[in-house]
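J.: for reference, the sequence and a predicted model appear below.
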Amino acid sequence: MKYRLFLFDLDDTLLDFKASEKLSFVRTMWELGLRDGIDGLFHQYQAINLELWKKFEEGSVSKDFLKVERFRNTFLAKGLELDPEAASRIYLESLSDTVVLIDGATTLCATLAAIAKVGIITNGVDAIQNRRIASSGLFEHISFVATSEACGYAKPDSRFFDYAANLAGTFAKDETIIVGDRLDADILGANRYGIDSCWFNPDRAANESTALPTYEVASLRDIVPSLQGLAVC
């Protein structure tokens with residue numbers, strides 16, 4: 001295998017963020033005293049959150065703004081008199097307690113860490129992501145964690161990948177591969193930075209974007225077999 005550095009996205013690549021997100025959101029609403037209509041509210045929140053994350057990745061809003069504004073807009077849309085700052089705090093604290101691993105994540109990271117360096121690249125909140133990785137049991141296989149909050153730039157910005165490369169120490173583009181589920185952040189970022197990529201696509205969605213992955217897998221268990229035929233550089 002020619003790769004000496006694997007850069008993994010975290011959410012919905014190694015950790016099932018969708019599952020954690022729902023559990024944390026429900027817990028947050030319960031702590032705020034809301035019992036009814038949580039499913040509908042969650043769908044509203046997801047749409048608002050997605051738009052704010054797009055703005056963050058474009059550089060038009062800050063992470064601190066996003067963390068609270070997504071709850072503020074959700075409550076306003078439903079006419080709820082709930083505290084968005086309290087919601088943000090409870091939700092972020094809950095995320096590290098509701099970690100769900102993607103099938104095959106632990107085995108994959110352990111296998112790769114024995115032959116290469118494994119790093120995490122994430123647009124998430126620094127302290128929260130590190131706590132979630134610790135809760136997942138993956139930390140023993142991870143060499144470093146690069147977050148957009150610590151860096152100041154988010155994927156797919158090339159400055160974020162400069163930051164990750166610096167954390168990696170020894171770095172060569174032709175020996176590095178990014179593994180992630182998002183075409184617009186992980187795969188596009190790899191294309192712009194000039195390194196290989198593996199699109200984790202468990203839903204087998206069509207690629208209607210301009211981002212071009214080097215490889216595509218539907219399961220984390222397919223990654224090592226897909227790369228085993230490559231010669232070591």
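T.: Received it, and whenever you're ready, just let me know what you need. Numbers count the residues shown, from 1 in each chain.
J.: and the strands in this protein?
T.: All strands of the chain, identified by DSSP state E, fall at 5-8, 117-122, 144-147, 176-180, 196-200, 215-217.
J.: buried deepest among these, which one?
T.: Of the strands of the chain, the one with the most neighbours on average (mean count of other CB atoms under 10 Å) is strand 176-180, at a mean of 27. In this view, the C-beta of every residue, glycine as well, is placed from N, C-alpha and C.
J.: pLDDT weak spots in the chain?
T.: In the predicted model of the chain, residues 1, 229-233 satisfy pLDDT under 70.
J.: which residue is nearest the middle of the protein?
T.: Most central in the chain under CA atoms, centre = their mean is residue 11, positioned 3.2 Å from the mean C-alpha point.
J.: sorry, back to before: so which of the strands of the chain is nearest residue 42?
T.: Among the strands of the chain, the nearest to residue 42 by CB to CB is strand 117-122 (22.2 Å).
J.: each with direction, which strands does that closest one pair with?
T.: Using DSSP bridges, the strands paired with strand 117-122 are strand 5-8 (parallel), strand 144-147 (parallel).
J.: out of these, flag the one nearest residue 117.
T.: Distance to residue 117, taken as CB to CB, is lowest for strand 5-8 among the strands paired with strand 117-122, at 4.9 Å.
J.: which other helices and strands contact the longest helix anywhere in the chain?
T.: For the chain, the helix with the greatest residue count under DSSP state H is helix 38-58. Contacts defined by 3 or more CB pairs under 8 Å, 6 or more residues apart in numbering; DSSP states H and E place helix 38-58 against helix 17-31, helix 63-78.
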